[in-house]
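*Asks:* structure for this input, please:
(one chain, ligands or ions: 1)
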Amino acid sequence: MTQELTSPSPAPQAPGTGRGPGWWRDAVIYQVYVRSFADSDGDGIGDLRGARERLPYLKDLGVDAVWLTPFYASPQADGGYDVADYRAVDPLFGTLQDADDLIRTAHDLDLRVIVDIVPNHTSDRHPWFQDPELSRQRYLFRPGKGESGELPPNDWESVFGGPAWTRTDRGDWYLHLFAPEQPDLNWDNPEVHTEFEAIMRFWLDLGVDGFRVDVAHGMIKAPGLPDIGHGAQAQLIGAQVLPFFDQDGVHAIHRAWRRLLDGYGDAHGRQVIGVAEAWAPTAERLALYVRPDELHQAFNFQFLNAPWQSDALRSVIDASLAATASVGAPTTWVLSNHDVVRHTTRLGGSLARARAATLLMLALPGSAYLYQGEELGLPEVTDLPDEVRQDPAFFRGGRATGAAGPGTDTESAPDGVAAAGGQDGFRDGCRVPLPWSGELPPYGFGPGGSWLPQPADWGGLTVAAQTGDAASTLELYRAALDLRRRLPGLGDGPMTWAPAPDGVLAFTRPGLLCTVNTLGHDVGLPAPGTPLLSSAPVTVDDATGRLPGDSCTWWAI
Ligand code: NOJ
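*Replies:* Residues are numbered from 1 along each chain as shown. Modelled structure (predicted):
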């Protein structure tokens, strides 16, 4: 199944080679959800060629790197997070040659490329799982409980709903923390380690600059696979250490991968990174994943989950910075991704808040992740008919009440992320294909339709419609990313809180002060300097700055 390149050639040289301060420490990384980004062939599904053609757009936007979600051979039971061949591109998305071309084009544009790696589980169509003997060594099979083994081996629930076990024709059961089509690998087997290291080398040889490690907290299970003992497990994810999540044993794997990444980087004059998608109950436990000998970054979902309140935001920011500082890692910030309700909708359906939250995020020290379409201010699509749904959780009822912002509906998306304001807690509404141009669907997404229907009123939100409109969200992102590159005080480095009225946050970075008004009405304060950029029109009269409600302003000081 593994595909060959038609013209094998040396891996392209990534921008900025060699070990140095670390390009990732302040990088802005743009998540391309390949299926929904740009379609080159008219089948209504985004693909690698489509993504490659749009790379100049991302260069112009001002990001440093692109993270591509899984495009590997897969039956697509979970949007490609069910991989059947880690070294092949699914025909839906193109060929290995297309991946190679994309990486080269990105590097020519001085953009780095991160790809997903999915080590907790494979597809049930993976050759290992298909082989009755091999599968029993490389996955987690157990006899059932009950007189004839008719009950699952323990009480663990799938993140997508229902038991985490499925019984085979042979009468035993296999573990799947996600869908039944995603059997969990047995990381006690050294062959699993060897294979994943080989997969990483395969993609590094093709030129990628790093890996986003899916379910980086899940590979190791507690010895004996003990019962949890109480229900509603979805609420516990990220709230406490579970026998299947955030076990201390995962860190040995990350240490081995860091050795691999550093060794490879040193040998090839490149800086290649690992980014953990990890759920840990506290910022301190999350920081363990980014100790100097582990991965380089971890997604900071605490920030994403924070309500739009100055005290809550400040305490999450403080906790995040303190935890990562304790291990010398940069903090990452993220507001949206393919698993959660888009932040325009999540923050109360308020584009003003979404724009302000973004400017806040981009002013904080560290690295930031953007999710495709947030730069257009896209809302969550909340009226998808059942017949177009693809999220496996939708079919398994996998959602639970969780902690989101006060005053909002509190439902959790499958990984435990607050999904307030979405259609029903499922993930298709944030995956609707991007609108690029035109007045009607598919809005330039491709020459055909789009795999999920786009709203009829997105004509004003397209890239073409917003380009050149200084009041647009797209131009706000462009201006912010441009300033972030030009102002040495942004990105990695110190920040200090400044005095501010209730409901307002103020902090300084070298040469800059950032104010965030989380209240719904404007607030006056002594103008701290000259406004450089604001998410909403800010005025300065007689040395008093008036911050509009739900706004963020960067001031030159
Ligand atoms: C996290 C991914 O972001 C999500 O989309 C996926 O369903 C799960 N991991 C399982 O791989």
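*Asks:* state the pLDDT value of residue 13.
*Replies:* We note a pLDDT of 49 for residue 13 in this prediction.
*Asks:* how about the contacts made by the residue nearest to residue 92 when sequence neighbours are not counted?
*Replies:* Leaving aside its sequence neighbours, residue 92 sits nearest to residue 45 (CB to CB, 6 or more residues apart in numbering; 5.5 Å). For the C-beta atoms, the positions are set from N, CA and C on the backbone; glycine is no exception. Contact analysis of residue 45 by CB atoms under 8 Å, 6 or more residues apart in numbering lists 35, 39, 92, 93, 451.
*Asks:* next: residue 79.
*Replies:* Counted by CB under 8 Å, 6+ apart, residue 79 has contacts 35, 69, 70, 338, 390, 391, 431.
*Asks:* ok, the third one to the ligand distance?
*Replies:* Distance, residue 70 to the ligand, using CB to the nearest ligand atom, to the nearest Å: 9 Å.
*Asks:* got it, and the last one?
*Replies:* Look at residue 431 and the ligand: by CB to the nearest ligand atom, they are 10 Å apart.
*Asks:* is it true that that residue touches residue 37?
*Replies:* No - counting by CB atoms under 8 Å, residue 431 sits too far from residue 37 to count as a contact (10.4 Å).
*Asks:* shared neighbours, these two?
*Replies:* Residues touching both residue 431 and residue 37 by CB under 8 Å, 6+ apart: none at all.
*Asks:* check the secondary structure at the residue in the chain that the ligand sits nearest to for me.
*Replies:* Per CB to the nearest ligand atom, residue 81 is where the chain lies closest to the ligand, at 3.4 Å. When classified by DSSP: H, G, I helix; E, B strand; the rest coil, residue 81 comes out as coil.
*Asks:* measure how buried it is and give me the count.
*Replies:* Neighbours of residue 81 under the rule other CB atoms under 10 Å: 24.
*Asks:* who's in contact with it?
*Replies:* Applying CB under 8 Å, 6+ apart, the residues near residue 81 are 70, 74, 116, 118, 178, 182, 214.
*Asks:* quick check: pLDDT value at the last one.
*Replies:* Right, residue 214. At residue 214, the predicted lDDT confidence score is 98.
*Asks:* from here on, call the first residue 18.
*Replies:* Happy to do that; since the first residue is 18 now, the last one works out to residue 231.
*Asks:* hmm, it is touching residue 135, no?
*Replies:* Yes - the criterion here is CB under 8 Å, and residue 231 meets it with residue 135 at 4.4 Å.
*Asks:* between these two, which is the more surrounded one?
*Replies:* Neighbour tally, residue 231 and residue 135, criterion other CB under 10 Å: the higher count belongs to residue 135, 26 against 20.
*Asks:* so which residues of the stretch 218-367 of the chain form helices?
*Replies:* Along the stretch 218-367 of the chain, counting by DSSP state H, counting those that start in this stretch, helices occupy 267-285, 300-304, 318-322, 327-342, 360-363.
*Asks:* pipe those helices into JSON lines and attach mean neighbour count, mean pLDDT and distance to the ligand per row.
*Replies:* Output for those, formatted as JSON lines (neighbours: other CB atoms under 10 Å; pLDDT from 0 to 100; distance: least, CB to the nearest ligand atom, whole Å):
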{"stretch": "helix 267-285", "mean neighbour count": "17", "mean pLDDT": "98", "distance to the ligand": "15"}
{"stretch": "helix 300-304", "mean neighbour count": "20", "mean pLDDT": "94", "distance to the ligand": "15"}
{"stretch": "helix 318-322", "mean neighbour count": "21", "mean pLDDT": "93", "distance to the ligand": "11"}
{"stretch": "helix 327-342", "mean neighbour count": "18", "mean pLDDT": "96", "distance to the ligand": "20"}
{"stretch": "helix 360-363", "mean neighbour count": "28", "mean pLDDT": "96", "distance to the ligand": "16"}
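*Asks:* what are the buried residues along stretch 53-73?
*Replies:* For stretch 53-73, the buried set under the neighbour-count rule, 16 or more other CB atoms under 10 Å, comprises 53-57, 61-69, 71-72.
*Asks:* make a PyMOL selection of whichever of the contacts of residue 62 turn out to be buried.
*Replies:* Burial among those is assessed by 16+ other CB under 10 Å; the matching PyMOL selection reads:
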select buried, resi 52+56+109+110+468
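*Asks:* what two of the contacts of residue 62 have the greatest distance between them?
*Replies:* The most widely separated members of the contacts of residue 62, counting by CB to CB, are 110 and 468 (12.2 Å).
*Asks:* burial of the spatially closest residue to residue 341 that is not a sequence neighbour, as a residue count?
*Replies:* Of all residues not flanking residue 341 in the chain, residue 348 sits nearest, at 4.5 Å (CB to CB, 6+ apart). Using other CB under 10 Å, residue 348 has 25 neighbouring residues.
*Asks:* surely residue 348 touches residue 338?
*Replies:* Yes - counting by CB under 8 Å, residue 348 touches residue 338, with 5.6 Å between them.
*Asks:* overlap in contacts of those two?
*Replies:* Taking CB under 8 Å, 6+ apart as the criterion, residue 348 and residue 338 both touch 382, 383.
*Asks:* so what sits against both of residue 110 and residue 468?
*Replies:* With CB under 8 Å, 6+ apart as the test, residue 110 and residue 468 both reach 52, 62.
*Asks:* that older thread, how close does the residue nearest to residue 341 get to residue 226?
*Replies:* Distance, residue 348 to residue 226, using CB to CB, to the nearest Å: 20 Å.
*Asks:* so what's residue 436 scoring on pLDDT?
*Replies:* pLDDT, residue 436: 49.
*Asks:* got the contact list for residue 88?
*Replies:* Applying CB under 8 Å, 6+ apart to residue 88 gives the contacts 51, 65, 97, 106, 107, 110, 111, 116, 132.
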